[in-house]
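> Sequence isn't available, so here's the structure alone:
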């Protein structure tokens, strides 16, 4: 399949290029963007191999859509949400698969969308046509999806962590407190003093202490998947001192009686057919897991569930590489499912550890 | 005053040496330990100035107590809890001030002590004589305290964060979920593969996901300070990829009605007379605070309180340098108070930032 | 081909497992070691996928050689040099390809070997049969090589950097000063206090300031390749504060007249047929290159040559991932060449950046 | 003494504020700058204590010089070189001590100045009046110096490393190859993509591979101090993955016969009266030294000299905190000497380690 990437200068764009060039059935056929026009991939992404047959970044405009439609079978939008909203309107029905990595079409409930994305106006008819979700949880709907909206990196991790409780065990969660810890690549490449190396290195930066819009996604999705299963759900997000990978800790209170053994079984059962989600015991290897370093560079999401008897709470930890399983990798996974390829095609790379 | 440090090889021991040599009224007169006997400070702590007038590490035994009692006015025990339990029995009533940085005498309730410190047996009569607490919260009792037990690094941070709620505002906290994030110096210098640089660098290691004994301290102390003020209190602890400094996030649910303005005022009022606790607004400087890098090397504890309207929860963030305010610095602070010196003596160093 | 890895617990061993499982024509058939007997790969290497069909670490003994010979077509020795010396004697002529990653058989000149590896005794007849060299530089000899010795990580980088000068341009280098900078993974997983995260993080550790045995390899190899081409060659090595990847700076003085344009052309020409060596201009992308982060996880070695007019010196910079191109990757590359596979088979992964 | 800091927003400016507030005889009386006018110190430097008696950043103009002259006894210019050149002309003869941390007045030889600072025009008469040098090496001239120019961070380290050879032992150095490794704080707070945390973390960035203007300073100074003592002197500079501190490696070739014992003695003798320079043996503590982490936050410069018998070269390693001994600390040290205070006043803080 011929693939295009819009937003080729960004971190998710670069990661898409990396994965597409490693994919046996995808061919990189187009690079789009609003900056760095005319630049080659290796200029923008210092690690990429140097030869891309002359591909350079080009603008995407109403005028160029015809040509683009002739060039690619699938287009990945690694663009800011407002840009994705615009481009989706242009590209829908013109390209067999439009896969959006932004927040433009993630939240279905209009009020919730407007709260977290007040500046992203989108066409409601278009929004309704998007299939949203972590590929594992919407797998059946992807083969027919011409428009796909993928969750944010945190939302992917939290949702994969909570789904076995609400959708697998059918529990009602009265209170969920999420603490998210992410590396600096989660913030993109905007030029801010606080993100310069001297201040970001060694930091534990409480950048979103009282809420994060990815929590809005999670609630919206899980609530639609099983109405009433989520009571309070709050989130705080921190930037910690590494670059790639995130860990979400979901502290869950429920009125139901559960125990460690039952939880472990439920998680194993829930993800039995899903190779990218690894249900891991906390002490099964020489470092405590899940730890994002153990999935770095790969499309794995490691999940551990623990029952804390003291307070009767469930602790769900999930770790993923925010640029792979949290963005580009799950986008390629969605494309695989969309086009009937085995889900793992081009995504079998092992984590790179230690880094 | 002449000061001795037992546990001179460890990280807290080294930090005590650093602070004592910077203190105008303390003189380093003794170094004790069970390993590295005969070694000079600079051999063990690579940064320390090289000249210590011949001081080397010596063992502390029943036989040497007389000489030690003639040598020092205050002794700091930066030793493992079982060693502190033994040494305290030897040194009590022989040295005017015994200041223990270990967990041996922190928890008053016997059942709680036995649960978290099952291997630390101590004499009950001795245990009862220890004054335990963050210096800010037991300031009045320190001038007469011959035996002082100081909180763990996490406990110091959490307690300073919660005290204005329970002791200042008089709130009853129904549920407190604590998420602690610490650098690698919190784990000391034991040789473990998981703590080698290749695995610890870049980690978000969930090393104590379902409980931490410092949470036991916090509950025990706050419950005695105002019985019934703490309902559920659970903690999870993570090792993140820097070396020095920790952040604790306390997610607090209470039935009382509060708002941001009231909370901010209450915290400022509570710590008005306490120079080492800085109540900071989240956005008052160019990085989000509190962040442990903004207190690094200093005796400050930065505290921020936020009201999250969405879920009606209070978010309390506290950051400190685990080796200073969380250990050696607060030990010197306690010694200052014990001997009637101004609390800040020798502790006025500003944070070193960026590092 | 069926592949075995001895030294499966170490970092190079883990990386071999990673690469073999990603290789279309290699099958992991044996794991050997002297510790961790009976353990599964994922217990030892936290990132690896969990399922390895029951493979566990087994000892390699004189008694087990017959079985091993039936099990594998190629064996990789990621063992300490003394162990490699012993195992090679056992395995030579029993397994079609023995590929040693240690220093046991790197240096041909006996006096030089004894100086840098005084404790490694080896059979001279066996030593003579090993083909040693960076695969790029001994490519023609590898198809017939039953015994292959691969250079150390630093030696690979330095040799690839200097070869175009001595072997391509035919220059005589009067003085070469090498400054090597490596991450902590270069030191393996031995338990040393100085390698614990608190001390290794933020370090610039001059661990081998007056010499490094990898420099012995380089001199020995280049001197044999073109006798007299190397005058003085000294090296100093530093551990810096990241985990994976190294950079070598070779400051070269020669009496010959050269200029930037000629050097650049010579390097491009020399590596024209070698896909894993990328000759890069210093400013061709958004970070200065070569930088090991731009080759991380890949088998690339990035090389930049610069002429410093001020002092008439040549500056050669080379960067590689010490665990891939400096160890496991080049071992797989050698295996590919040994068995007539395209050199890049299983090694086409792009660098993972940023990390 | 009343002190002013111009360039209060930058890293060196912040460090000056830190040190001045810890100094018993300096009082912070003025903050100047061209940006952040009206801001308080803690807004710009997140770690600083919050209370500065209302001091905010103010512009320095021709009109405000009178008032400034009434306000301060010493002014520190932590400004870019062109700004320092302008301000010095305004402030000379108006304020008893002008201490410039920029490169404006470092190089005496006009051709050399113009080469490395082509955009910095300065009044020659003013330039001649500046006393330039590491305080240790120009100590006698500082009490009478109204205008002081301090070396760059690298130059300080290299000069302190080489001076015992040329000025102490009287050696002529035929070739000196300098390899400098610095943390990210050396680059200041300019907003560049390459300096964002994702790319700077884990980097070994060869940012000045064929020359650095600090080498120009070193040559200019040492050549004037003992003409003819320096032959070739080249430098390459690298950014490594920590924040604070630098190490310079000077690889020295000389025709003179020396040995380790003689070198060690010469260095100890040369720095006998200089408390801030610590001559250290490479293995005297648990990490190899010198390592910048062992001087972090302090005004120490650690120096180690080694004789490499293999190639007859001398290896000189020096480490310092670029913001303290390389900038603000040595500025305060110079001020102490200027005003007849003991050199160490306000600079006795021990290194903070580990960080």
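Done, it's in. Small disclaimer: the values here were computed from a predicted structure and weren't measured.

> Quick check: next helix or strand after whichever strand or helix holds residue A:253?
In this assignment (DSSP states H and E), residue A:253 forms part of strand A:246-254. Once strand A:246-254 ends, the next helix or strand along the chain (criterion: DSSP H and E) is helix A:260-270.

> mind listing what the strand holding residue A:253 pairs with, with the direction of each?
strand A:173-182 (antiparallel), strand A:313-320 (antiparallel) (DSSP bridges).

> I'd like to know which of these is closest to residue A:155.
strand A:173-182 (9.9 Å; C-beta to C-beta). C-betas here are computed from N, CA, C, even on glycine.

> Which elements pack onto whatever helix or strand comes next after that closest one?
Using DSSP H and E, the helix or strand that follows strand A:173-182 in sequence is helix A:197-200. Judged by 3 or more C-beta pairs under 8 Å, 6 or more residues apart in numbering or on different chains; DSSP states H and E, helix A:197-200 is in contact with helix D:197-200.

> what about the helix it packs on, distance to the chain center?
25 Å (C-alpha atoms, centre = their mean, to the nearest Å).

> Now tabulate the strands paired with strand A:246-254 in JSON lines and tack on mean neighbour count.
Compiled in JSON lines, those are given as follows (neighbours: other C-beta atoms under 10 Å in any protein chain shown):
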{"stretch": "strand A:173-182", "mean neighbour count": "24"}
{"stretch": "strand A:313-320", "mean neighbour count": "27"}
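
> Now tabulate those strands in CSV and tack on mean pLDDT.
Converted to CSV, the strands paired with strand A:246-254 look like this (pLDDT from 0 to 100):
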stretch, mean pLDDT
strand A:173-182, 98
strand A:313-320, 98
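
> Which among those strands is found nearest to residue D:303?
strand A:173-182 (40.4 Å).

> The residue in the stretch 1-150 of chain A that chain B sits nearest to: what secondary structure?
Proximity to chain B, evaluated over the stretch 1-150 of chain A using C-beta to the nearest C-beta, is greatest for residue A:115 at 9.8 Å. Taking DSSP: H, G, I helix; E, B strand; the rest coil as the rule, one finds residue A:115 in the helix state.

> if I pick it, what's in contact with it?
residue A:216 (C-beta atoms under 8 Å, 6 or more residues apart in numbering or on different chains).

> Residue A:43: what secondary structure?
Assignment for residue A:43 (three-state DSSP): helix.

> ok, it touching residue C:283?
No: Residue A:43 lies out of contact with residue C:283 (C-beta atoms under 8 Å); the separation is 10.2 Å.

> what about these two, which has more around it?
residue A:43 (17 against 10; other C-beta atoms under 10 Å in any protein chain shown).

> So what does residue A:223 look like in phi/psi?
phi -70, psi -40 (degrees, to the nearest 10).

> What is the burial count for it?
Neighbour number of residue A:223 under other C-beta under 10 Å is 17.

> residue contacts, the residue lying closest to it once chain neighbours are set aside?
In space, not counting the residues next to it along the chain, residue A:223 is nearest to residue A:230; the distance is 5.5 Å by C-beta to C-beta, 6 or more residues apart in numbering or on different chains. Applying C-beta under 8 Å, 6+ apart to residue A:230 gives the contacts A:166, A:173, A:176, A:219, A:222, A:223.

> who in chain A is up against chain D?
Chain A comes close to chain D at residues A:11, A:46, A:184-185, A:189, A:191-193, A:195-202, A:242-244, A:355, as judged by C-beta under 8 Å from any C-beta of the partner chain.

> what's near enough to touch residue A:104?
Contacts of residue A:104 by C-beta under 8 Å, 6+ apart are A:81, A:82, A:84, A:85, A:88, A:117, A:120, A:122, A:149.

> Same check on residue A:314?
Per C-beta under 8 Å, 6+ apart, neighbours of residue A:314: A:165, A:251, A:252, A:253, A:254, A:258, A:263, A:305, A:306, A:307, A:308.

> neighbours of the spatially closest residue to the first one that is not a sequence neighbour, just the number please.
Excluding the flanking residues, the one nearest residue A:165 by C-beta to C-beta, 6+ apart is residue A:171, at 4.8 Å. Per other C-beta under 10 Å, the neighbour tally for residue A:171 reads 21.

> Residue A:67 too?
11.

> Would you map the helices across the stretch 101-250 of chain A?
With DSSP state H, counting those that start in this stretch as the criterion, the stretch 101-250 of chain A has helices at A:110-116, A:124-129, A:153-163, A:197-200, A:213-225.

> so which of those helices is the most packed in?
Of those, the one with the most neighbours on average (mean count of other C-beta atoms under 10 Å in any protein chain shown) is helix A:153-163, at a mean of 29.

> Of the residues of chain A next to chain D, just the buried ones, PyMOL syntax please.
Selecting only the buried entries of those in PyMOL, with 16 or more other C-beta atoms under 10 Å in any protein chain shown as the criterion:
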select buried, chain A and resi 11+46+184+185+189+195+196+197+198+199+200+201+202+242+243+244+355
